[in-house]
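Student: sequence and predicted structure, then a few things I'm wondering about:
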Amino acid sequence: MAVISYREALNDALREEMERDESIFIIGEEVGEYDGAYKVTKGLLGDFGEWRVRDAPIAELGFAGLGVGAAMAGLRPIIEFMTWNFALLAIDEVVNAAAKMYQMSGGQYNVPIVFRGPGGAALQLAAQHSQSPEPWYAYVPGLKVVAPATARDAKGLLKSAIRDNDPVVFIESEIMYNLVKDEVPAGEYLVPLGKADVKREGSDVTIVCHSKMVHQSLAAARTLAKEGIEAEVVDLRTVRPLDVDAIVASVRKTNRAVVAEEGWPVCNVGAQVVDDIQREAFDYLDAPVARVNALDVPAPYAKNLEKIVLPNAEHVAEAARAVCYAG
Amino acid sequence: MATESTPLEGMPREECVELLRQMMISRRFEERAAEAYQTGKIGGFCHLYTGQEAVAVGAIAPLRPDDYVITAYRDHAQAIVRGMTPGAVMAELYGRAAGCSKGFGGSMHMFDKSLNFLGGHGIVGSHLPLAAGVGYAIRYRGGDQVCLCFFGDSVVNIGAFHESLNMAARWKLPVIFLLENNGYGMGTDVRRVAAVRELKDRGLAYDGLVSLAVDGMDVLAVRQAVAEAAERGRAEKTPTFIEARCFRYMGHSMADPAHGTYRTKEEVDKWRSDDPIAEFSRRLVDAGLLGEEECEALDREAVEVAEASADFADKSPFPDPEEAYSYVYSDSYANDIRRRDAWRKEFR
């Protein structure tokens, strides 16, 4: 199997899907001539032309809504947000239009659309460019929310998202575009939405995570193994649908859980995961579930402060030790 | 506004009568809806179209069945004029299973895919980008349809308006942006909040977009303006921005007064005296195209249609309680969303 980057995996997924289905087009800022702000759409304009790879004005609400209308008229748009921070300008079209159309029309207009772009913190981008948007969208019935951690998953999940008949919020990562590289099968494969993946098996504690925190959690698991604690790392891959079965199965096995994510602590993905664990695995728990997240503050610029604010592998290991009553 | 009406010459009698009939049905339908609202048959927000009939009827008349229509929340008349049965629209207002959106949408969300009627939308301005997207899809497939997009005067001040006109003009998307300027965004005189004397001038900023104003109380004037815009859209893909100047007789919604702090009774009465239906009836009678009795018969028929729509709505069942989970997702995840509610008695 070839080792490719997270960025290349996404580019491959876009290209393969656009070759397969002529109704797919991409619209976003810098996606065409510039080859993408983060080069995810590299080379696509030359291969597919401007109607299928459309450079948009800086008008997130406008081009997100354009995608919704095009989807209602039978196309399958992919909306690239340069980052999810800018997508806040378009949240009305995502939430009020895309997510609601199917139900509001009594089942007449489903909206097959993918909203994608990088989320989360990168390096010293400060408060307005370092946010994790998953909970804002996962809250909304009608949306699906995907946040892959590996190149393999990124490709397979993006292909599934594009083929999905409902609106999908697809959250990538600026940091992972280049740093994450892993083995990707040759040729066609899909990763289904709504299925978590056990990235590491373990018997002592379950670490539930997604996106960048999967790598921090795997690093934590390696540290913990040296201390005699075997952690099971459950990568959610999609936040909605949430794979409650996979979470519960793991917790019933390990009896302890840590939920790790990069976003803020209030009303986040972890809050939901903890609720599902207490609903369905309460009697299996040997300790309260611990949560690892960013501090409850906007991301600061200063390097040392940002490091304190963002969660890392050591925080995950510390939380795992706590629920195991170790160390 | 022009005091001269658009001439009747060249208009076939049948077409004139049809325009009048549709305006009368729209009027009587809204009157019946107001009654049903007052007796509690209709809930939520209910925005009536009374007074603006010439705009919907004139604008939809020149469209082809394969064109698209999208609108805001004052959408009952547009839905009917586009071809929905008054019964399906009234049943939607009543929140019944036989409603055009199966009772999920209500007053603000009339949809009919078979008529390319892409809905009433409830967030001011946010359906304009959707209209641009429909225009994009038309161009993408190389079609010659157009998308007609209705909206109110308050939209000219929101970003979505400019983002949509800009994209439509830049990429030549065949969209007809039809502003129904009834003078007031809810209870605010549009002149108090828009820094532009003529709303149509908001379109002048965009190269490749044709902007014009039309008398929205004159059904033939609206019809002609939209017919020309549709022709431009089909042949050259040129988008058009039309300001149709009109007036709503009722309050913003059924919950609001027709006049009071924001406008006077005299102003409402003045516009009512220039009523689009009475005026068009008079013109048809004067031109010898229609007898006064025929005119009255048409109106009686409209009253009956409205009444029949209410009867139909009343007889339609409410949606099945099991439908509460319907149409949120189009795949098997639709079943999984029940999981967290499984404790509720009615779902056991």
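Tutor: Cool, got the structure. Because the structure is a prediction, the values reported are computed rather than measured.

Student: hey, let's count contacts and neighbours off CA atoms from now on
Tutor: OK.

Student: any idea which helix is longest in chain B?
Tutor: Using DSSP state H, we find that the single longest helix of chain B is helix B:13-38.

Student: the helix or strand following that helix vs helix B:13-38, what angle?
Tutor: Heading C-terminal from helix B:13-38, the first helix or strand you meet, by DSSP states H and E, is helix B:53-60. With axes from the mean of the first three to the mean of the last three C-alpha atoms, to 10 degrees applied, the angle from helix B:53-60 to helix B:13-38 works out at 130 degrees.

Student: and helix B:53-60, what's its mean pLDDT?
Tutor: Here helix B:53-60 scores 98 as its mean pLDDT.

Student: now stretch B:313-322
Tutor: 96.

Student: break down the stretch 1-150 of chain A into its helices, ranges please.
Tutor: In the stretch 1-150 of chain A, helices defined by DSSP state H, counting those that start in this stretch lie at A:6-20, A:44-48, A:60-72, A:91-92, A:101-104, A:134-138, listed in chain order.

Student: and the contacts of the fourth one?
Tutor: If I follow you right, that is helix A:91-92. Here helix A:91-92 makes contact (C-alpha atoms under 8 Å, 6 or more residues apart in numbering or on different chains) with A:L61, B:S126.

Student: kindly report the same for the second one.
Tutor: Identification of contacts with helix A:44-48 by C-alpha under 8 Å, 6+ apart yields A:R15, A:V31, A:G32, A:E33, A:D35, A:R52, A:V53, A:R54.

Student: now, those residues that are in strands?
Tutor: A:V53, A:R54 (DSSP state E).

Student: and the contacts of helix A:44-48, which two are the farthest apart?
Tutor: A:R15 and A:E33 (16.1 Å; C-alpha to C-alpha).

Student: tell me which stretches of the chain form strands.
Tutor: Since no chain was named, I'll use chain A. A:2-5, A:24-28, A:53-55, A:76-80, A:114-119, A:144-146, A:168-173, A:181-184, A:197-200, A:205-209, A:231-235, A:238-240, A:257-260, A:290-292.

Student: wait, I meant chain B there
Tutor: Going by DSSP E, chain B shows strands at B:68-71, B:117-120, B:147-152, B:175-181, B:184-185, B:188-189, B:210-215, B:240-245.

Student: make JSON lines out of the ones you listed and add mean pLDDT.
Tutor: Output for these, formatted as JSON lines (pLDDT from 0 to 100):
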{"stretch": "strand B:68-71", "mean pLDDT": "98"}
{"stretch": "strand B:117-120", "mean pLDDT": "98"}
{"stretch": "strand B:147-152", "mean pLDDT": "98"}
{"stretch": "strand B:175-181", "mean pLDDT": "98"}
{"stretch": "strand B:184-185", "mean pLDDT": "92"}
{"stretch": "strand B:188-189", "mean pLDDT": "93"}
{"stretch": "strand B:210-215", "mean pLDDT": "98"}
{"stretch": "strand B:240-245", "mean pLDDT": "98"}
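
Student: what mean pLDDT does the longest helix of chain B get?
Tutor: 97.

Student: what residues does the stretch 51-200 of chain A put near chain B?
Tutor: For the stretch 51-200 of chain A, the residues in contact with chain B (C-alpha under 8 Å from any C-alpha of the partner chain) are A:51, A:57, A:59, A:61-75, A:92-93, A:96, A:100, A:102-110, A:141-142, A:165-166.

Student: contacting residues around the closest residue to A:E280 other than its chain neighbours?
Tutor: Nearest residue to A:E280, sequence neighbours excluded (C-alpha to C-alpha, 6 or more residues apart in numbering or on different chains): A:V248, at 6.7 Å. A:V248 makes contacts with A:D276, A:I277, A:E280, A:A281, as judged by C-alpha under 8 Å, 6+ apart.

Student: of these, buried ones?
Tutor: A:D276, A:I277, A:E280, A:A281 (16 or more other C-alpha atoms under 10 Å in any protein chain shown).

Student: nearest to chain B, of the residues you listed?
Tutor: Nearest to chain B among these is A:D276, at 8.4 Å by C-alpha to the nearest C-alpha.

Student: would you confirm that that closest one contacts A:V244?
Tutor: Yes. Taking contacts as C-alpha atoms under 8 Å, A:D276 lies within contact range of A:V244: 6.8 Å.

Student: adding mean pLDDT and mean neighbour count, write the strands of chain A out as TSV.
Tutor: Shown next, in TSV, are the strands of chain A (pLDDT from 0 to 100; neighbours: other C-alpha atoms under 10 Å in any protein chain shown):
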stretch	mean pLDDT	mean neighbour count
strand A:2-5	96	16
strand A:24-28	98	25
strand A:53-55	98	22
strand A:76-80	98	28
strand A:114-119	98	26
strand A:144-146	98	28
strand A:168-173	98	26
strand A:181-184	97	18
strand A:197-200	98	17
strand A:205-209	98	30
strand A:231-235	98	27
strand A:238-240	98	28
strand A:257-260	98	29
strand A:290-292	98	22
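
Student: I'd like the ones you listed as a markdown table, with distance to B:A235 appended.
Tutor: Below are the strands of chain A laid out as a markdown table (distance: least, C-alpha to C-alpha, whole Å):
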| stretch | distance to B:A235 |
| --- | --- |
| strand A:2-5 | 46 |
| strand A:24-28 | 24 |
| strand A:53-55 | 23 |
| strand A:76-80 | 26 |
| strand A:114-119 | 32 |
| strand A:144-146 | 40 |
| strand A:168-173 | 36 |
| strand A:181-184 | 48 |
| strand A:197-200 | 53 |
| strand A:205-209 | 54 |
| strand A:231-235 | 53 |
| strand A:238-240 | 45 |
| strand A:257-260 | 57 |
| strand A:290-292 | 59 |
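
Student: and of those strands, who's closest to B:D331?
Tutor: Between the strands of chain A, strand A:144-146 lies closest to B:D331; by C-alpha to C-alpha that is 11.4 Å.

Student: for that closest one, which strands pair with it and how are they oriented?
Tutor: Here strand A:144-146 is paired, per DSSP bridges, with strand A:168-173 (parallel), strand A:238-240 (antiparallel).

Student: as JSON lines, those with distance to B:D112 would be great.
Tutor: Formatted as JSON lines, these follow (distance: least, C-alpha to C-alpha, whole Å):
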{"stretch": "strand A:168-173", "distance to B:D112": "24"}
{"stretch": "strand A:238-240", "distance to B:D112": "29"}
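
Student: what's the local residue count around B:A235?
Tutor: Neighbourhood size, B:A235 [other C-alpha atoms under 10 Å in any protein chain shown]: 12.

Student: what sits against the residue lying closest to B:K102 once chain neighbours are set aside?
Tutor: Leaving aside its chain neighbours, B:K102 sits nearest to A:G106 (5.1 Å; criterion: C-alpha to C-alpha, 6+ apart). By C-alpha under 8 Å, 6+ apart, the contact set of A:G106 is B:C100, B:S101, B:K102, B:G103, B:F104, B:G105, B:Y327.

Student: so which of those residues would you say is closest to A:E172?
Tutor: For these, the nearest to A:E172 is B:Y327 (27.7 Å; C-alpha to C-alpha).

Student: for the residue lying closest to the closest one once chain neighbours are set aside, give me its contacts.
Tutor: Using C-alpha to C-alpha, 6+ apart and skipping the chain neighbours, the partner closest in space to B:Y327 is A:Q103 (4.6 Å). With contacts defined as C-alpha under 8 Å, 6+ apart, A:Q103 is in contact with B:F104, B:G105, B:S326, B:Y327, B:V328.

Student: and the pLDDT for A:Q103?
Tutor: 98.

Student: go on, B:A2?
Tutor: B:A2 is given a pLDDT of 44.

Student: residue of the stretch 201-327 of chain A closest to chain B, please.
Tutor: Closest point on the stretch 201-327 of chain A to chain B, by C-alpha to the nearest C-alpha, is A:P241, at 7.0 Å.

Student: surely that residue meets A:P192?
Tutor: No. Taking C-alpha under 8 Å as the definition, A:P241 is not a contact partner of A:P192, at 10.5 Å.

Student: those two: who's more crowded?
Tutor: It is A:P241, of A:P241 and A:P192, that has more neighbours when counted by other C-alpha under 10 Å, with 21 against 17.

Student: who's in contact with the spatially closest residue to the more buried one that is not a sequence neighbour?
Tutor: Excluding its sequence neighbours, the residue lying closest to A:P241 (C-alpha to C-alpha, 6+ apart) is A:G194, at 4.6 Å. A:G194 makes contacts with A:R237, A:T238, A:V239, A:R240, A:P241, A:L242, A:D243, as judged by C-alpha under 8 Å, 6+ apart.
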